[in-house]
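> I would like to see how this sequence folds:
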Amino acid sequence: MDDGKRSALLSEASLLSAAIALGTNPVAVKYAVEQVPPLPFVALRFTCAGLVVLAFLLFLGSGVRLKRKHLLPMAGLGLVGVGLNNVMFTFGVELTSASNTALIYATPPLWGMLLGFALGLEQPRLRGVLGILLAMLGVGVIVYGGLGGGGLQGDVLVAGAALCWGSYTALSIFLLRDYSPLAVAGYTMLFAGLAVLPLGALDLVQADWGAVSVGAWAAAAYSALAVAAFGFSAWQWGISRIGANRMLVYQYVITLTGVLSGVLLLGEGLGKEQLIGAAIIFCGVYLGRRQ
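The predicted model follows:
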């Protein structure tokens, strides 16, 4: 096997692994926050993940020094795209099903594209606008299905988190001109974790950490290391390497893995609203991001 094929195979394996890790995250988060308070969970998760990624870059001898002029943009990107995103995601997944979370979280590519339209990064196209409208309709169908099942608040929070994640993808383009995808991922996760830490300080002190089970700690560690440190970084690297459009297949892997994980590991069911909403969202994402 020549070097080109070996590199392509390694890239595919890395991205597929990242997609599976990101897809199983709703189940891991839902399990962990049953025993770990949500705000300390987010703070510790991303502080640890950011430090791990930056330490890895230092070990490789890669440059990780942050220029002063990029301090505020990097911090802002971390606060909104990672911090606010995952605060809403964590509270949301606690209030709704992991399956609903995975389905709604298929929409960030389109929210990123919408922001790209607003910033002049992309030219509006008819199929792109139709794709966004379809995705909004699909999310609406899923949220409507939660009206009678008690998951409405969670669905809305997850939708807000998906919007933040889409903005992260679009806005990170400016910083990726000066920093590697791993450096951007490491810094934004670290800033997010440190920003949320004061908000969760009271829960951090008052929580009965001795009562947290080994399984909950394992789920938290998986979410911090396998999902955030590895999956999040590999996703950013993949977008910069093969482009947002070719990443769509992996976005579908994330969604399908999330739904299957919720069904198989948590015993969640799939109602007709979820199935209809999923079909509409998938069509919208495909239509909006198709080259």
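
> Which helix or which strand is home to residue 115?
Element membership of residue 115 [criterion: DSSP states H and E] is helix 108-119.

> So what touches the helix or strand hosting residue 42?
Element membership for residue 42 (DSSP H and E) is helix 38-60. For helix 38-60, the surrounding residues in contact (CB atoms under 8 Å, 6 or more residues apart in numbering) are 29, 32-33, 63-64, 82-83, 86-87, 90-91, 94, 180, 182-183, 185-194, 196-197, 199-200, 203-204, 207, 220, 223-225, 228-229, 232-233. No exception for glycine: its C-beta is placed from N, CA and C like everyone else's.

> 7 Å instead?
32-33, 64, 82, 86-87, 90-91, 94, 182-183, 185-187, 189-190, 192-194, 196-197, 199-200, 203-204, 207, 220, 223-225, 228-229, 233 (CB atoms under 7 Å, 6 or more residues apart in numbering).

> What average pLDDT does stretch 101-115 get?
Averaged across stretch 101-115, pLDDT comes to 79.

> Would you mark the buried spots in whichever strand or helix holds residue 253?
For residue 253, the element it lies in under DSSP H and E is helix 248-266. By neighbour count on 16 or more other CB atoms under 10 Å, the buried set for helix 248-266 is 248, 250-262.

> Please name every helix or strand in contact with it.
With contacts taken as 3 or more CB pairs under 7 Å, 6 or more residues apart in numbering; DSSP states H and E, helix 248-266 sits against helix 3-32, helix 98-104, helix 272-289.

> So, low pLDDT: which residues of the stretch 151-291 of the chain?
239-249, 288-291 (pLDDT under 70).

> Let's see that with 90 instead.
Residue ranges of the stretch 151-291 of the chain with pLDDT under 90: 151-156, 159, 165-182, 204-205, 207, 231-291.

> sorry, back to before: now for the helices and strands packed on helix 248-266, which one comes closest to residue 118?
helix 272-289 (14.8 Å; CB to CB).

> now the angle between helix 108-119 and that closest one, please.
For helix 272-289 against helix 108-119, the angle by axes from the mean of the first three to the mean of the last three CA atoms, to 10 degrees is 40 degrees.

> What are the buried residues along helix 272-289?
273-274, 276-278, 280-289.

> that older thread, now for the helices and strands packed on helix 248-266, which one comes closest to residue 129?
Closest to residue 129 of these is helix 272-289 (CB to CB; 8.1 Å).

> Quick check: what element follows the helix holding residue 42 along the chain?
Next element after helix 38-60 (DSSP H and E): helix 71-77.

> What residues sit buried inside stretch 65-83?
Buried positions in stretch 65-83, judged by neighbour count with 16+ other CB under 10 Å: 66, 70, 74, 75, 77, 78, 79, 80, 81, 82, 83.

> Give the rounded mean pLDDT of that stretch.
93.

> which SS class is residue 36?
coil (DSSP: H, G, I helix; E, B strand; the rest coil).

> Now for it, how many residues are close by?
Using other CB atoms under 10 Å, residue 36 is surrounded by 24 other residues.

> does the nearest residue in space to residue 104 that is not next to it in sequence sit in a helix or strand, and which one?
Ranked by CB to CB, 6 or more residues apart in numbering and with sequence neighbours excluded, the top spatial neighbour of residue 104 is residue 158, at 4.8 Å. Take DSSP H and E as the rule and residue 158 turns out to sit in helix 152-175.

> Quick one: list the elements packing against that helix.
helix 71-77, helix 85-95, helix 98-104, helix 108-119, helix 126-145.

> and those helices, which is most packed in?
Most buried of those, by mean neighbour count (mean count of other CB atoms under 10 Å): helix 98-104, with a mean of 29.

> okay, that helix in CSV with CA atoms only?
What follows is helix 98-104, C-alpha atoms only, in CSV (Å, rounded to 0.1, in the frame of the first residue of the first chain):
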residue,chain,number,x,y,z
ALA,A,98,-30.7,10.6,23.7
SER,A,99,-32.5,9.7,20.4
ASN,A,100,-34.1,13.1,20.1
THR,A,101,-30.8,14.8,21.0
ALA,A,102,-29.0,12.9,18.2
LEU,A,103,-31.7,13.7,15.6
ILE,A,104,-31.8,17.5,16.4
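
> coming back round to it: turn the buried residues of stretch 65-83 into a markdown table, columns for distance to residue 109.
Below are the buried residues of stretch 65-83 laid out as a markdown table (distance: CB to CB, whole Å):
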| residue | distance to residue 109 |
| --- | --- |
| 66 | 27 |
| 70 | 25 |
| 74 | 22 |
| 75 | 24 |
| 77 | 17 |
| 78 | 20 |
| 79 | 22 |
| 80 | 17 |
| 81 | 14 |
| 82 | 17 |
| 83 | 21 |
